[in-house]
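[1] generate coordinates for the sequence data below:
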Amino acid sequence: MARNRIQVKAPRSAVFAVLSDPERYPEWVLGAGEVRESDEGFPRPGTRFHHTVKLGPLQVRDHTEVIELEEPRRIVLRAKARPLGTAIVEVELEEHDDGTEVVMSEHPADRFSKLLAGNPLADLGLRLRNAEGLSRLKRAAEGAPSPPPPSTDLRGRRVLVTGGSSGIGLASAEALASEGARVVLLARGEEGLAMAARRLRDQGADVQTVAADVSDRESLTDAVAEATSRMGGLDLLVCSAAGLAFGRFVDVPPEDFDATVATVLGGSVDTIRAALPALERAGGAIVVVGSVAARMPLPTLSAYTAAKHGLAGFVDCLRIELDEAGSSVDVSTVNPGAVDTPLWSHLESATGLLPPTPPGLYSAQAIAAAVLEAARRPRRERTVGGFAALQVAAFSTVRRPTEAALKALARLALSAGDRPAEAGALHRPGGTGEVSGGFGARRSLAGAATAVVSRVRG
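    Numbering: from 1, shown residues only. Modelled structure (predicted):
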């Protein structure tokens, strides 16, 4: 016997309403096709509905009959798809304070069905099939809204950008606003937010701000709710808040390490948690600004590397879970290499000095172009910049030589810096209302080409 259960966030009456409507069985029964007709009084015992069962190109016309009913707690059905077989399906509903537990049991009801289902592999297949059916039943009972049709038009889209007072976050907000999106910037510092908002308004953008520290869950949750309320909903979330602790792991103060992880990983997780209900209602999307540090180590930035690795794992899990639940929310990750932003001047440094800026910095606008493209056409993951992609590929394929090169770069970072480190941005606001760090940057040629093609298609 195959047995599955699921928790539904809806009263038992709502679940039973789906079970008692024969027209809705194709919504949740895997393989069920058109319901041609049903008996009056369904689901009274003895009543039937006549259906079509689809198995690839094969279509079988038969019926399902109610054989037992304890409304609204239990219903037992005899589902026929001859000559493929007959099954007895029992669905039990147990109401709890937070919703309804649904238990589905199925077993074969004739010799041929017993022959087909009488092995572990067939039983596993049946459990998987019914798990999908219960997931669909859950969405139907909870009244999950149908997602709006996909659109590449960003005009009027309601967008929240974390880390929005400088760097990649601000550049992304500028790119989205230039396409007509309504933007709310979220960061810790009121002053930096004011400067960023002024910059955007000078460009004709529709922009608002909310202040919150992404490592403060309660404050962050309130800020996301406020931003959503102001815009009347949320269509897109861009997670871009970041912070860096520089130095060897053994030299970095534990509080700086923890603050980096709390900002980069914890802040993104808590922002997504707070924003998901509104994004679900809108059929929205999430764009997470990751890093090549999610796919390779960056020595002297161990906390940042750990946080980005964790963030990549979290996003991969979240994407699969949302897909399994039938969510309409898309999740994309944009992984940049080294970028010219003010962040390089606001590190928490264990050496007292700032490291030399990496060579070949990309502009924040190049990363913003990738964020913009992900907002238009969601994709699982993209690494921005040919050199960044080459780094990741080298670490994956020729690890020992790459590790030797990374060791040399770590020594250079620790010994060649000559700029004194000032107060970092991990424990205090660091936004300046500036996109660039002033170190010189270049565009991503691939990103520029993608942006042109996207604009032509859009």
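
[2] do I have it right that Ala394 meets Thr402?
    Yes - with contact defined as Cβ atoms under 8 Å, Ala394 counts as touching Thr402 (4.6 Å). All C-beta atoms are positioned from the backbone trio N, CA, C, and that covers glycine.

[3] can you pull the buried residues of stretch 72-81?
    By neighbour count on 16 or more other Cβ atoms under 10 Å, the buried set for stretch 72-81 is Pro72, Arg74, Ile75, Val76, Leu77, Arg78, Ala79, Lys80, Ala81.

[4] can you list contacts of it?
    For stretch 72-81, the surrounding residues in contact (Cβ atoms under 8 Å, 6 or more residues apart in numbering) are 12-13, 15-16, 19-20, 43, 53, 60, 62-69, 86-94, 109.

[5] mean confidence score for it?
    Mean pLDDT, computed over stretch 72-81, is 91.

[6] element containing the residue nearest to Asn4 when sequence neighbours are not counted?
    Leaving aside its chain neighbours, Asn4 sits nearest to Asn130 (4.6 Å; criterion: Cβ to Cβ, 6 or more residues apart in numbering). Taking DSSP states H and E as the definition, Asn130 sits inside helix 120-142.

[7] chain center to the helix or strand that that helix is followed by, what's the gap?
    Next in sequence after helix 120-142, counting helices and strands by DSSP H and E, comes strand 158-162. Put simply, strand 158-162 sits 14 Å off its chain's centre (Cα atoms, centre = their mean, to the nearest Å).

[8] can you list contacts of strand 158-162?
    169-170, 172-173, 176, 181-187, 214, 224, 227-228, 231-241, 267-268, 271, 275, 282, 375.

[9] between the two ends of stretch 418-431, how far is it?
    23 Å (Cα to Cα, to the nearest Å).

[10] in that stretch, what counts as buried?
    Neighbour counts over stretch 418-431 (16+ other Cβ under 10 Å) mark Ala421, Gly424, Ala425, Leu426, His427, Pro429, Gly430, Gly431 as buried.

[11] tell me the contacts of the fourth one?
    By Cβ under 8 Å, 6+ apart, Leu426 lies in contact with Gly243, Leu244, Ala245, Asp256, Ala259, Thr260, Thr263, Glu348.

[12] that one falls within a helix, correct?
    No - Leu426: not assigned to a helix; according to DSSP: H, G, I helix; E, B strand; the rest coil it is coil.

[13] tell me the contacts of the nearest residue in space to Leu298 that is not next to it in sequence?
    Distances taken as Cβ to Cβ, 6+ apart put Thr305 closest to Leu298, at 5.0 Å, once the chain neighbours are dropped. Residues in contact with Thr305 (Cβ under 8 Å, 6+ apart) are Ala293, Pro297, Leu298.

[14] quick check, nearest of the residues you listed to His309?
    Nearest to His309 out of the contacts of Thr305 is Ala293 (Cβ to Cβ; 7.3 Å).
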